[in-house]
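**Student:** whatever this is, show me its structure:
(2 chains)
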2 protein chains.
Amino acid sequence: MSLIQKLAGFARSPVAATPAVAQMIRLSAFDWAACALAGQDEPVARHLRDIARAEGGRPDASLIGGGKAPARAAALVNGATSHALDYDDTHFAHIGHPSVAIFPAVLAVAERNGASLDDILDAALIGAETSIRVGLWLGRGHYQIGFHQTATAGAFGAAAAIARLNGLDHTTTEHAFGLATTKAAGLKSQFGTMGKPLNAGLAAECGVMAVDWALAGLCSTPNALDGVNGFGPTHHGADDLSAFGGMGTTWLFEDVSHKFHACCHGLHAMLEALRDVENMPERLVIATHPRWMTVCNIDAPKTGLETKFSYKMTAAMALSGINTSAISSFTDDLGARADLQDIMTRISVTPDDSLSETQARIDADGKIITHDLSAPIPLSERETRLKSKAAALTPKAEPLWTALQSGDITTIRAALFG
Amino acid sequence: MSLIQKLAGFARSPVAATPAVAQMIRLSAFDWAACALAGQDEPVARHLRDIARAEGGRPDASLIGGGKAPARAAALVNGATSHALDYDDTHFAHIGHPSVAIFPAVLAVAERNGASLDDILDAALIGAETSIRVGLWLGRGHYQIGFHQTATAGAFGAAAAIARLNGLDHTTTEHAFGLATTKAAGLKSQFGTMGKPLNAGLAAECGVMAVDWALAGLCSTPNALDGVNGFGPTHHGADDLSAFGGMGTTWLFEDVSHKFHACCHGLHAMLEALRDVENMPERLVIATHPRWMTVCNIDAPKTGLETKFSYKMTAAMALSGINTSAISSFTDDLGARADLQDIMTRISVTPDDSLSETQARIDADGKIITHDLSAPIPLSERETRLKSKAAALTPKAEPLWTALQSGDITTIRAALFG
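**Tutor:** From the prediction side, this is the model:
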């Protein structure tokens, strides 16, 4: 059986999501929506929205930030918009951001088709799980040479989700995957440019287009992922078929990671550890994996952007009660604040190669706290924290949460696009 | 200087096309249009046209086969339509089909912008030359592993052409190329499926979208082709910078090859040699490069499609005066014709490794004729043969030629889209 045949089977199979993974996809939908709303005024979002509005066409699907467009265009715009702040969820095995490729595609086609919230979450879960498995199958070499799994593996996840949402038969699903192989693209060379969020939009767009093509009658080949001249061999894929072990019964999506701080991921373990420090310490020693020392250890940041890569400044912010979840906290004037400067003089940062990349250890006047980002967070705590993060991102957080609880898709759409 | 910086310079430079290359781009425009018109009823063309018509949007550009769509969509539809029959031009150094990626993009944007025929041909030449040079830079390894240069190198050619047509400044042109690197895609695994002509459409679409994005304000990086994580290193590119030697003064496009027979390229050298056989021979011996023996040597073809891969049957057709330029000649009933069967009994095919892949040698009752497809054809003869080919493809060949000679873009558009 070719890999496309296997994925087509998964995309069409009845699945029994565990309560935990069902709750995780719902939380990711909420977190994705908050990130998208917060990103709507970023230049990349505005520019792509302007193009879609100018191009026009059948108003099947809503754009974050207002207006309607064909589903294809909405998937592109909303995908890029939701990744513009780089604050959306991450899956470390996938080596990418699953939600920004999946939800924009699913929501656009669901609006066109009149699908329910249950249908949306079901399709999104299958899509996200597919993208994670494909990302794992492509492997680290694919990422290291320069492909952006969010875009590449994400495109196949989006195709799976949209095929399921449309109830495609097996053969048509195979054609959709086959056609997606010849369109899926996205490079890491775009990191640091608007091309990065664009990549997320391209993945979502690919899923919508590949299924539309297959539905219209375009055909492809079921060997196009793992066969000769297929996507895997051409794109430096590791072809690790163990990536698909247990697919349909175990859910890798359950390990998805949500960002709780609007700064470099290398700072998050430290910021989590600081949550357990109650009083302002005289001395704070931060120990971190050596890799991060050259990534996010700017000693005296001068701008808000530099602050996002500074152990000392973000620690000083956290100890001062500044909300590191809020994008708006990272202002250019932090470096001039005497109170923060004073705290920073009491902080030191040291590399420790006994720590993993997801760990940090702090010593606050002798109180030692170690935090590991890969440790599971209870669902109730995750929910609380995601609601708090969303509230810091957008005034629509509360109505969005309420709408999501109601299950009524019209109310949800009003909260998200209204 | 990065490769994108170099290509942006070429896309914006004043060029002095020689009369010969200026005539070649004009002939390729005509040949491309005839192939596109002949392909308009193929399933891939109909399906993609249906999608574009249903999606709607600003009617900026005409579709082959009728209707209007945004330039992006027209480039996609017309690109796939013109490659549907695989009868369009080829460039062996590029390892691809230049015109099907370039003309659909240029014509769509020219219609949107109100550009003249001179502007169109100027932009198309720069685009085609860019795609050939980039194809050569990517090299044979890129093709062998499974990438389709028509789609990948073609996307950069289309971006160059559209950047020039829009008069982009240098920096915006760089951004357009940078954005094209993260979208350009297309795999050889699609060969034999509708994904192959789709690839040509995707290349044309990429050029239009990348320039629209850059014009709207999206930015990328000038290192995205040859830098770390760039398109070349990620896509098995050979990085052969000699591919750009003489760019701007010598024109590789001048070596473009036009198909004169509606069948496998492996048969063309033999069919050309047979043009010099005046009377029906008693015995015909065909010698060909050994590679072709497993590609197009079906001994007793039963369908029109099989005939396209048969030395004996196509030789019998040519000797009987059947027009091998016409798609409509390759019918399923040829195999049942006694006259052709009789001729085929007098024909034998033999491999000869002293011949190159572009050569064939025939022995017709002792008269020896060798033909090499890579030998130049005088422009006047090429023109005559392309007009004859076009006449066999579409009833619009004559008005299209006349319109092209008039230079009036409205008349040309009426002939092509009317």
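
**Student:** mind listing what the closest residue to chain B within the stretch 201-350 of chain A touches?
**Tutor:** Nearest to chain B, among the residues of the stretch 201-350 of chain A, is A:Asn229, at 3.1 Å (CB to the nearest CB). C-beta coordinates here come from the backbone N, C-alpha and C atoms, glycine included. Counting by CB atoms under 8 Å, 6 or more residues apart in numbering or on different chains, A:Asn229 touches B:Ile145, B:Gly146, B:Leu187, B:Lys188, B:Ser189, B:Phe191.

**Student:** output the below-cut-off pLDDT ranges for the stretch 1-150 of chain A.
**Tutor:** Along the stretch 1-150 of chain A, no part satisfies pLDDT under 70.

**Student:** also the stretch 251-400 of chain A?
**Tutor:** Checking the stretch 251-400 of chain A against pLDDT under 70 turns up nothing.

**Student:** and the next helix or strand past whichever strand or helix holds A:Ala287?
**Tutor:** A:Ala287 belongs to strand A:284-288 when elements are defined using DSSP states H and E. Scanning forward in sequence from strand A:284-288 by DSSP H and E, the next helix or strand is helix A:304-307.

**Student:** tell me how far whichever helix or strand comes after that next one is from the chain's mean position?
**Tutor:** Counting by DSSP H and E, the next helix or strand C-terminal to helix A:304-307 is helix A:311-319. Helix A:311-319 sits 25 Å away from the centroid of its parent chain (CA atoms, centre = their mean, to the nearest Å).

**Student:** okay, buried residues for helix A:311-319 please.
**Tutor:** For helix A:311-319, a neighbour-count test (16 or more other CB atoms under 10 Å in any protein chain shown) marks A:Tyr311, A:Lys312, A:Met313, A:Thr314, A:Ala315, A:Ala316, A:Met317, A:Ala318, A:Leu319 as buried.

**Student:** repeat that for stretch A:292-310.
**Tutor:** Of the residues in stretch A:292-310, those buried (16+ other CB under 10 Å) are A:Trp292, A:Cys296, A:Asn297, A:Ile298, A:Pro301, A:Gly304, A:Glu306, A:Thr307, A:Lys308, A:Phe309, A:Ser310.

**Student:** just stretch A:192-207 next, same as before
**Tutor:** Buried, per 16+ other CB under 10 Å, within stretch A:192-207: A:193-207.

**Student:** picking up where we left off before, just checking, what packs against the strand holding A:Ala287?
**Tutor:** helix A:268-274, helix A:311-319, strand A:347-351, strand A:359-364 (3 or more CB pairs under 8 Å, 6 or more residues apart in numbering or on different chains; DSSP states H and E).

**Student:** distance from stretch A:5-24 to the middle of the chain?
**Tutor:** 19 Å.

**Student:** that one and chain B in contact?
**Tutor:** No. Using CB under 8 Å from any CB of the partner chain, stretch A:5-24 stays clear of chain B, with a minimum separation of 14.5 Å.

**Student:** stretch A:64-82 now?
**Tutor:** Yes. Stretch A:64-82 is in contact with chain B by CB under 8 Å from any CB, via A:Pro70, A:Arg72.

**Student:** for chain B, see how far away A:Ala38 is.
**Tutor:** Distance check for A:Ala38 against chain B: by CB to the nearest CB, to the nearest Å, it reads 20 Å.

**Student:** give the helix, strand or coil label for that residue.
**Tutor:** Classification of A:Ala38 using DSSP: H, G, I helix; E, B strand; the rest coil returns helix.

**Student:** who's in contact with it?
**Tutor:** Counted by CB under 8 Å, 6+ apart, A:Ala38 has contacts A:Leu85, A:Tyr87, A:Ile327, A:Leu393, A:Thr394.

**Student:** got these as TSV, with distance to chain B, secondary structure and neighbour count columns?
**Tutor:** Formatted as TSV, those follow (distance: CB to the nearest CB, whole Å; DSSP: H, G, I helix; E, B strand; the rest coil; neighbours: other CB atoms under 10 Å in any protein chain shown):
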residue	distance to chain B	secondary structure	neighbour count
A:Leu85	16	coil	18
A:Tyr87	20	coil	24
A:Ile327	20	helix	18
A:Leu393	23	helix	24
A:Thr394	24	coil	19
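
**Student:** of all those, which comes closest to B:Leu76?
**Tutor:** Set against B:Leu76, the nearest of those by CB to CB is A:Leu85 (30.7 Å).

**Student:** dump stretch A:132-147 to CSV, restricted to CA.
**Tutor:** In CSV, the C-alpha atoms belonging to stretch A:132-147 read as follows (Å, rounded to 0.1, in the frame of the first residue of the first chain):
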residue,chain,number,x,y,z
ILE,A,132,2.2,15.7,12.4
ARG,A,133,2.6,12.1,11.1
VAL,A,134,3.8,13.4,7.7
GLY,A,135,6.2,15.8,9.4
LEU,A,136,7.6,13.0,11.4
TRP,A,137,7.9,10.8,8.3
LEU,A,138,9.8,13.6,6.5
GLY,A,139,12.0,13.9,9.5
ARG,A,140,14.6,16.3,10.8
GLY,A,141,16.7,16.1,7.7
HIS,A,142,13.9,17.7,5.7
TYR,A,143,13.8,20.5,8.2
GLN,A,144,17.6,20.9,8.4
ILE,A,145,18.2,21.2,4.7
GLY,A,146,15.7,24.0,4.7
PHE,A,147,12.1,22.9,4.3
